[in-house]
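Peer 1: predicted coordinates and the sequence they were generated for:
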Amino acid sequence: MRSSPGKATSSEMTAEGLILHLQRLSTEDGPGIRTTVFFKGCPLRCAWCHNPESLTRKPQLQWLERRCIDCRTCLEACPHHALAKDEDGSLHIDREGCDLCEVCAHECPANALEILGTYTTAHELLPELLKDLAFYHQSGGGGTLSGREPTMQVGFAEELLQGLQAAPVHAALDTCGLCSRATLERLYPLVDLFLYDLKFIDPARHRRHTGASNQAILDNLRWLSSRIGQEPAAKKLWIRTPLISGATLSEENISAIGSFMAGLDGCVERWELCAFNNLCRDKYRRLDMAWAYGNDPLLAQAELEQALEWACGSGVNPQIVSVTGKARSEL
Ligand code: SF4
Ligand code: SF4
């Protein structure tokens, strides 16, 4: 795996992909124990995003303040003079001047500088995914393509899914749904479970909070549910809705999503309401990114229960609805 693009190493698997990392023993990305591949690059800009490192589709340099011993080796090492220390000891990265040569990361004695994003191929990655076959078979798990957004790298995603199918290993695709129909049709035969994000029904709100139209997302979901409805024993569809104060968390929005889902011929197996998570604050700092939700607390237990009540009363089968994530402590 590489931090710069290169030539693929297999004549059969040629698509190169950019990933953040691979997470073993995951229990949150589909059924059973799974290995999740986190893709880098997303077409949305959700204001509450929990994975800011996955937004851009190019590698990024990050500084881990807690590891830094203030030796200033990196300032001398950078051939482009793209690093400077502020008076408070913070490292300033000139991201326009930095060409991601990695010299600073190699020279740093404290491993306080890292490049986020690795170029790889399915040929290189599949052996890693298949290492945990025993866990998958015992637990009903498998592999999940996530991040955001696997569909942005469709050739690479397709080759990974083909490898999982050949193994055979259960394959899940975690998607925001914003892709072309052609992409969805290309990946459809290779996916056992679709984890599909649905944030808003109202187009204006979707655009305001995510920066993009939800027209394709809704159209793709209608198409997907119709296809899955033709072979419900072979394919599954889970919907995931983040619960975000001042954005998705309202009776009007949760009810509208439920009504929309109720019209999808009952083929949604699970609707997960995912509680806001603020553990990603440090990630924003490391990438010099502002975060509008940086000071927001976790939701209260009462807010999660209210959302569950709205969802269960929205017209879907209440048995498919669940809440994931933590509430804040009220102590
Ligand atoms: S080389 Fe590493 S430890 Fe030294 S100042 Fe730079 S980031 Fe900090
Ligand atoms: S990656 Fe290279 S160009 Fe960028 S800051 Fe480090 S040494 Fe400088």
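Peer 2: That came in fine, so what should we check first? Residues are numbered from 1 along each chain as shown. Ligands and ions are numbered 1, 2, ... in the order given.
Peer 1: Cys101 contacts Pro79, correct?
Peer 2: Yes: the pair Cys101 / Pro79 is scored as a contact, 6.7 Å apart, by CB atoms under 8 Å. No exception for glycine: its C-beta is placed from N, CA and C like everyone else's.
Peer 1: which ones are touching Thr324?
Peer 2: Going by CB atoms under 8 Å, 6 or more residues apart in numbering, Thr324 touches 28, 272-275.
Peer 1: now these as TSV including pLDDT and secondary structure?
Peer 2: Formatted as TSV, these follow (pLDDT from 0 to 100; DSSP: H, G, I helix; E, B strand; the rest coil):
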residue	pLDDT	secondary structure
Glu28	91	coil
Glu272	97	strand
Leu273	98	strand
Cys274	97	strand
Ala275	97	strand
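Peer 1: could you find the closest non-adjacent residue to the closest residue to ligand 2 within the stretch 201-331 of the chain?
Peer 2: The minimum distance from the stretch 201-331 of the chain to ligand 2, using CB to the nearest ligand atom, falls at Asp288 (12.5 Å). With CB to CB, 6 or more residues apart in numbering as the criterion, Asp288 has its nearest non-adjacent residue at 6.6 Å, and that residue is Ile93.
Peer 1: list of residues touching the helix or strand of the chain with the lowest mean pLDDT?
Peer 2: Ranking every helix and strand in the chain by mean pLDDT, DSSP states H and E puts helix 281-286 at the bottom, with a mean of 90. Residues outside helix 281-286 that contact it (CB under 8 Å, 6+ apart) are 51-53, 62-65, 290-291, 294.
Peer 1: return the distance of that helix from the chain's centre.
Peer 2: Counting by CA atoms, centre = their mean, to the nearest Å, helix 281-286 is centred 16 Å from the centre of its parent chain.
Peer 1: buried set for that helix?
Peer 2: 283-286 (16 or more other CB atoms under 10 Å).
Peer 1: which of those residues sits closest to ligand 1?
Peer 2: Arg286 (11.5 Å).
Peer 1: start to end distance for stretch 166-180?
Peer 2: By CA to CA, to the nearest Å, the extent of stretch 166-180 from end to end equals 25 Å.
Peer 1: mind listing what's buried in that stretch?
Peer 2: Across stretch 166-180, burial judged by 16+ other CB under 10 Å covers 167, 169-179.
Peer 1: rewinding a little: and the residue nearest to Asp288, bridged to which residues?
Peer 2: Beta-bridge pairing for Ile93 (DSSP bridges): Leu83.
Peer 1: ok, it - contacts?
Peer 2: Remark: with contacts taken as CB under 8 Å, 6+ apart, Ile93 is in contact with 61, 63, 82-83, 288.
Peer 1: the biggest strand by length in the chain pairs with which strands?
Peer 2: In the chain, taking DSSP state E as the definition, the longest strand is strand 16-26. Sheet pairing of strand 16-26 (DSSP bridges) gives strand 34-39 (antiparallel), strand 118-121 (antiparallel).
Peer 1: of all these, which lies closest to ligand 2?
Peer 2: Nearest to ligand 2, of those and by CB to the nearest ligand atom, is strand 118-121 at 14.6 Å.
Peer 1: direction-wise, compare the next helix or strand along the chain from the closest one with strand 34-39 and give the angle.
Peer 2: If you walk from strand 118-121 toward the C-terminus, the next helix or strand you reach (DSSP states H and E) is helix 122-129. Angle of helix 122-129 versus strand 34-39, following axes from the mean of the first three to the mean of the last three CA atoms, to 10 degrees, is 150 degrees.
Peer 1: give me the mean pLDDT for helix 122-129.
Peer 2: Average pLDDT, helix 122-129: 96.
Peer 1: all numbers from here: first residue = 80
Peer 2: In the new numbering, first residue 80, that becomes helix 201-208.
Peer 1: buried set for it?
Peer 2: Neighbour-count burial for helix 201-208 flags 201-205, 208 (criterion: 16+ other CB under 10 Å).
Peer 1: so which residues of the stretch 230-379 of the chain form helices?
Peer 2: 233-245, 260-266, 282-289, 294-309, 330-341, 360-365 (DSSP state H, counting those that start in this stretch).
Peer 1: between these, which gets the lowest average pLDDT?
Peer 2: helix 360-365 (a mean of 90).
Peer 1: contacts for stretch 212-223?
Peer 2: Applying CB under 8 Å, 6+ apart, the contact partners of stretch 212-223 are 104-105, 108-116, 208, 211, 239, 243, 246, 248-253, 271, 274.
Peer 1: how about 7 Å then?
Peer 2: 108-115, 208, 243, 248-251, 253 (CB atoms under 7 Å, 6 or more residues apart in numbering).
Peer 1: cool, stretch 144-152 as well?
Peer 2: By CB under 7 Å, 6+ apart, the residues outside stretch 144-152 that reach it are 164, 168, 170, 186-191.
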